[in-house]
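>>> Sharing a model prediction with you, sequence too.
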Amino acid sequence: MRSLSVELLTLAEIDRAFPLIAATLPDIQPDEWHSFAARMIGNRGTGTCGILAAQAEGGYLTGLCVYHQIDSIALGRSLLAESFVALDLIDPAVVIDALADALKMTATRQGCARVRAWAPSRRGGLIGHLKASGFVEEGIALNFLCEQPAVPFS
């Protein structure tokens, strides 16, 4: 089995990570990604959010996910993971497993009771890999699209 390293994305790696996020979210523009990622990395000092990046032996990025710490009266403090990307021609499951393991360690370090993963229903392969990594389905997420224009990332 190949080995991957998973570390927090740095400011210097933001542009290099754009093709990964664009593969999953094709409507995201480079400047939107850069602004969002820079804000997430800039808030890292609070310890409540970040972007994990998986890197293969050759130094290329193979995956990433964004996480935020959230509080729930029912579930306690949790780490919410979203925007999973696993692009690997050989075995994307290895990338998902590495990201999931890093999320679990991050959650433990931050005193979170659980990791909650959000994955769009159209990403069945991702959902299956997360389940194989120990995640279980709990309920369903419903979204309401507000009519106001989106607040730009700045």
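Sure thing, it's come through.

>>> Mind listing what's buried along stretch 108-126?
For stretch 108-126, a neighbour-count test (16 or more other CB atoms under 10 Å) marks Cys112, Arg114, Val115, Arg116, Ala117, Ala119, Leu126 as buried. From N, CA and C alone the C-beta is placed, and that goes for glycine too.

>>> low-confidence ranges in this protein?
1, 43-46, 121-124, 148-154 (pLDDT under 70).

>>> Can you show me the helices along it?
Taking DSSP state H to define them, one finds helices in the chain at 14-24, 30-42, 92-109, 124-132.

>>> got the CA coordinates for the longest one in PDB?
The one in question is helix 92-109. What follows is helix 92-109, C-alpha atoms only, in PDB (Å, rounded to 0.1, in the frame of the first residue of the first chain):
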ATOM      1  CA  PRO A  92      -8.700   7.100  -4.400                       C
ATOM      2  CA  ALA A  93      -9.800   5.000  -1.400                       C
ATOM      3  CA  VAL A  94      -6.200   5.400   0.000                       C
ATOM      4  CA  VAL A  95      -6.600   9.200  -0.200                       C
ATOM      5  CA  ILE A  96     -10.000   9.100   1.500                       C
ATOM      6  CA  ASP A  97      -8.700   6.800   4.200                       C
ATOM      7  CA  ALA A  98      -5.700   9.100   4.900                       C
ATOM      8  CA  LEU A  99      -7.900  12.200   5.100                       C
ATOM      9  CA  ALA A 100     -10.400  10.400   7.300                       C
ATOM     10  CA  ASP A 101      -7.600   9.300   9.700                       C
ATOM     11  CA  ALA A 102      -6.200  12.800   9.800                       C
ATOM     12  CA  LEU A 103      -9.700  14.200  10.600                       C
ATOM     13  CA  LYS A 104     -10.200  11.700  13.400                       C
ATOM     14  CA  MET A 105      -6.800  12.700  14.900                       C
ATOM     15  CA  THR A 106      -7.700  16.400  14.500                       C
ATOM     16  CA  ALA A 107     -11.000  15.900  16.200                       C
ATOM     17  CA  THR A 108      -9.400  14.100  19.100                       C
ATOM     18  CA  ARG A 109      -6.800  16.800  19.600                       C
END
